[in-house]
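# This is a predicted model, with the sequence first.
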Amino acid sequence: MIVFYFSGTGNTLWAAKKIANRFWGECHGIMEYAADKAIQIEDDRIGFVFPVYMNDLPWVVKAFLLELSFKNPKYIFAVFTSSSGKNGKAAKNLEKVLQMKHTKLSAVFDLPMPGNCIPGKKAKETEKLKKAPERLEGIIKDIQKNTKSVNQKFLSDKRRGMQKHYAGSVKPNFVTGSWFYRQGMASTVMKPYPDDKKCTGCGICEKICPTGNIQIKNGRAVHGNCCTACYACYHWCPKQAHTVSMPILRGRKQYHHPDVGWQEIANQKKEQKREKR
């Protein structure tokens, strides 16, 4: 088995490692393949563990998916982490790409976790984190049984037995039309930026930024225009030196998964070694 993930606060990294380790599989951060084109996946059991941003897949995830090809997939599952516990358009868009690649999703699972952006009530966020291991264990058991659980609304007309076939109907702006894509309005209003009065230039944000959007210059963090809205810089900064323009987001507390360290987030571009249980 091979499991792909993308993570800012550590939620999906934690879940992906748990799943891969249970199957003695491999766990890879998608940014490991950031410079690659035409990525062929030869494994027959494939997992995608992704966060849901603004009711959809992060734009970097969409870009990664478009580069994939599959040799002989037999079971493809997706686990989506979100504050709401709902994947929105994420599963549907993943299914569209897979159809274009002449394969399909076998199962979709939602895993409620504390969010990275919109502030939530502390008691509810704590409860989600407390229940996550049990919920993930149930997901793992379903994967072990090759459970198929894809909502019919995700299926193309062809898979419903009709003649119309719209696999490959991904729009030209599939990636660029996403929220937070480079210099879109959302990234201008909602993307994190450093507070020069608090920033000490420690370099953690530069190391953990998945797109290389942050650099330390003259002892201070400087953001570029390739934000993916993972908010890793916001949540991992030891000086809480990153803030957001939108007032509703300014007061939210930092969060990152308690079982994940920032070094693991920084290393998500590197292959996670196979571990025995």
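Thanks, I have the structure now.
# Where does the spatially most central residue of the chain sit: helix, strand or coil?
With distances taken as C-alpha atoms, centre = their mean, the chain has Phe50 as the residue nearest its mean C-alpha position (3.2 Å). Using DSSP: H, G, I helix; E, B strand; the rest coil, the structure places Phe50 in strand.
# Quick check: the gap between it and Phe109.
In this view, Phe50 and Phe109 are 11 Å apart by C-beta to C-beta, to the nearest Å. The C-beta positions use only the backbone N, C-alpha and C, and glycine is treated the same way.
# For Lys141, what are phi and psi?
Geometry field for Lys141 lists phi and psi as phi -60, psi -40, criterion degrees, to the nearest 10.
# Next one: it, what pLDDT does it get?
The pLDDT attached to Lys141 in the predicted structure is 97.
# ditto for Pro114
Here the pLDDT value assigned to Pro114 is 95.
# Checking my notes, Phe80 in a strand, right?
Yes: when classified by three-state DSSP, Phe80 is found to be part of a strand.
# what about the closest residue to it other than its chain neighbours, neighbour count?
Among residues not flanking Phe80 along the chain, Asn87 sits closest, at 4.0 Å (C-beta to C-beta, 6 or more residues apart in numbering). Taking other C-beta atoms under 10 Å as the neighbour definition, Asn87 ends up with a count of 26.
# Make sure Asn87 is actually in contact with Pro112.
No: contact status for Asn87 versus Pro112: not in contact, 10.9 Å apart, counting by C-beta atoms under 8 Å.
# so Ile76 is in which element?
If you go by DSSP states H and E, Ile76 is part of strand 75-82.
# strand partners of that strand, parallel vs antiparallel please.
Strands flanking strand 75-82 in the sheet, each with its direction: strand 45-51 (parallel), strand 107-112 (parallel) (DSSP bridges).
# Now the longest one: average pLDDT?
Strand 45-51 comes out with an average pLDDT of 98.
# quick revisit: quick check: which of the strands paired with strand 75-82 has the most neighbours on average?
Per-residue neighbour counts averaged over each of those give the maximum for strand 45-51, namely a mean of 26 (mean count of other C-beta atoms under 10 Å).
# how far out from the middle of the chain is that one?
Its chain's C-alpha centre lies 9 Å from the corresponding centre of strand 45-51 when counted by C-alpha atoms, centre = their mean, to the nearest Å.
# need the helices for the stretch 1-150 of the chain, in chain order.
Counting by DSSP state H, counting those that start in this stretch, one finds helices in the stretch 1-150 of the chain at the ranges 11-22, 59-66, 90-100, 122-144.
# The last one vs strand 75-82, what angle?
Pointing back at helix 122-144 there. 180 degrees (axes from the mean of the first three to the mean of the last three C-alpha atoms, to 10 degrees).
# For helix 122-144, buried residues please.
Neighbour-count burial for helix 122-144, counted by 16 or more other C-beta atoms under 10 Å, picks out Glu125, Lys128, Leu129, Ala132, Arg135, Leu136, Ile139, Ile140, Ile143.
# Quick check: of these, which lies closest to Cys233?
Nearest to Cys233 among the buried residues of helix 122-144: Glu125, at 20.0 Å, using C-beta to C-beta.
# OK, contacts around the closest one?
With contact set as C-beta atoms under 8 Å, 6 or more residues apart in numbering, Glu125 has these partners: Ser83, Pro114, Gly115, Tyr255.
# Is the first one in contact with Met113, as I believe?
Yes: taking contact to mean C-beta under 8 Å, the distance of 7.0 Å between Ser83 and Met113 places them in contact.
# Distance check, the closest residue to Cys199 other than its chain neighbours against Ala221.
Spatially, and ignoring its direct neighbours in sequence, Cys199 is nearest to Ala241 (4.2 Å; C-beta to C-beta, 6+ apart). Ala241 is 7 Å from Ala221, where distance means C-beta to C-beta.
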